[in-house]
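> model the following, please.
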Amino acid sequence: MRESDRRRIVRHLGAVALAGSLALGLAIISPPDLSKAAAPDMPSLSISGRAHVIDGDTLVIDGTRVRLEGIDAPESAQRCQTPTGNGWNCGSAAAQALRDLTAHKEVRCEGSEHDTYGRLIAICRVGALELNKELVRRGLAWAFVRYSQRLTSAEAEARRLKIGIWQGENQPAWDYRADRWSQAQAQASAPEGCVIKGNISRNGRIYHMPWSPYYDSVQINPSRGERWFCSAAEALAAGWRPAYTN
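Sure thing, here's the model as predicted:
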């Protein structure tokens, strides 16, 4: 049999198998691209309820961890500068603003994808107020333009007003994380490229990213079963949970 004929037969059999699977109601889905932001106009999951705020762009509703789509808030340990060079806790301020916006209220989130930490990437609202946009509008988060251009106008307005993170020259959260990761890699005790700390405490098995406020104080003791991880996905698969920052 000629090679070209063999390839045609293989393609035909593949098409038949796919059609049969669809007829049985089996969804054949390729693995998601975990680096993408959710498509705001194609939600596949909607959740609502009282929210527990983890940090400036992450919350939990009924056990589901949600990452606010299109924004990147300062990390919890991150400090920013005022025009005079004084420091302020911009990460804590972003988290507190999200708590104030959601306190004792029903939060509704819609999204269609998950990130590398297993969080639903979603647009969240309290009533008619969109939380993602409100944090950017208040100058408490950057528009995450690497993944979405949706909130650039809100960011431009906050920048014009010089409020929040736009008071002075401040490092975007994605650069802050990259710097913290590089600093952690420089530590002699960390295996090359594997700088996430898997700690065991009375609160369970918890992993700490290099930008966690507790990262520097956590010591890894392999004799207790503690270990280093190379990625958050690896830590989650091993049964560790992320550290809460509030």
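> the residue most central in space within the chain: what secondary structure?
For the chain, the residue nearest the mean C-alpha position is R67 (5.0 Å; CA atoms, centre = their mean). Using DSSP: H, G, I helix; E, B strand; the rest coil, the structure places R67 in strand.
> test my guess that it contacts C124.
No: the criterion here is CB atoms under 8 Å, and R67 misses it with C124 at 9.8 Å. For every residue, glycine as well, the C-beta is placed using N, CA and C.
> show me where the chain has helices.
Ranges of helices in the chain, per DSSP state H, are 3-23, 90-102, 131-137, 152-161, 173-185, 232-237.
> okay, these, which one's buried deepest?
Counting by mean count of other CB atoms under 10 Å, helix 131-137 has the highest mean neighbour count of those, with a mean of 24.
> any chance you could list what contacts it?
56-57, 68-71, 73, 94, 97-98, 101-102, 107, 123-125, 141-143, 151, 154-155, 157-158 (CB atoms under 8 Å, 6 or more residues apart in numbering).
> got the confidence number for R7?
Per-residue pLDDT puts R7 at 41.
> now do the one 4 residues further on
The model reports R11 with a pLDDT of 43.
> got it, and S21?
Listed pLDDT for S21 reads 36.
> next: W211.
Looking at W211, its pLDDT reads 89.
> thought it was touching P74?
No: with contact defined as CB under 8 Å, W211 does not reach P74; the gap is 9.9 Å.
> which residues do the two both contact?
Residues touching both W211 and P74 by CB under 8 Å, 6+ apart: Y176.
> the two - which one has more neighbours?
P74 (29 against 22; other CB atoms under 10 Å).
> any stretches of this protein with poor pLDDT?
1-43, 188, 245-246 (pLDDT under 70).
> re the thing from before, and the closest residue to the residue nearest to the centre of the chain other than its chain neighbours, how far is that from S189?
Computed as CB to CB, 6 or more residues apart in numbering, the closest residue to R67 that is not its neighbour in sequence is R119, at 4.0 Å. Distance from R119 to S189, counting by CB to CB, to the nearest Å: 29 Å.
> burial of I206, as a residue count?
When counting by other CB under 10 Å, one arrives at 20 neighbours for I206.
> likewise for A122?
By other CB under 10 Å, 30 other residues sit near A122.
> excluding chain neighbours, what is closest to it?
Nearest one to A122, counting by CB to CB, 6+ apart, is G111 at 3.1 Å.
> and F229, what is it in contact with?
Going by CB under 8 Å, 6+ apart, F229 touches C194, I196, K197, G198, Y207, A235, A238, W240.
> and stretch 213-229, C-alpha only, in CSV?
Extracted in CSV, the C-alpha atoms of stretch 213-229 (Å, rounded to 0.1, in the frame of the first residue of the first chain):
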residue,chain,number,x,y,z
PRO,A,213,4.9,37.5,52.8
TYR,A,214,6.0,34.4,54.8
TYR,A,215,8.4,33.0,52.3
ASP,A,216,11.7,34.3,53.9
SER,A,217,10.7,33.0,57.4
VAL,A,218,9.7,29.5,56.2
GLN,A,219,12.5,26.9,56.6
ILE,A,220,12.4,23.6,54.7
ASN,A,221,13.1,20.5,56.8
PRO,A,222,13.2,17.4,54.5
SER,A,223,13.3,15.0,57.5
ARG,A,224,9.7,16.2,58.3
GLY,A,225,8.5,15.5,54.8
GLU,A,226,8.9,19.1,53.7
ARG,A,227,10.2,19.8,50.2
TRP,A,228,10.9,22.1,47.3
PHE,A,229,8.7,22.4,44.2
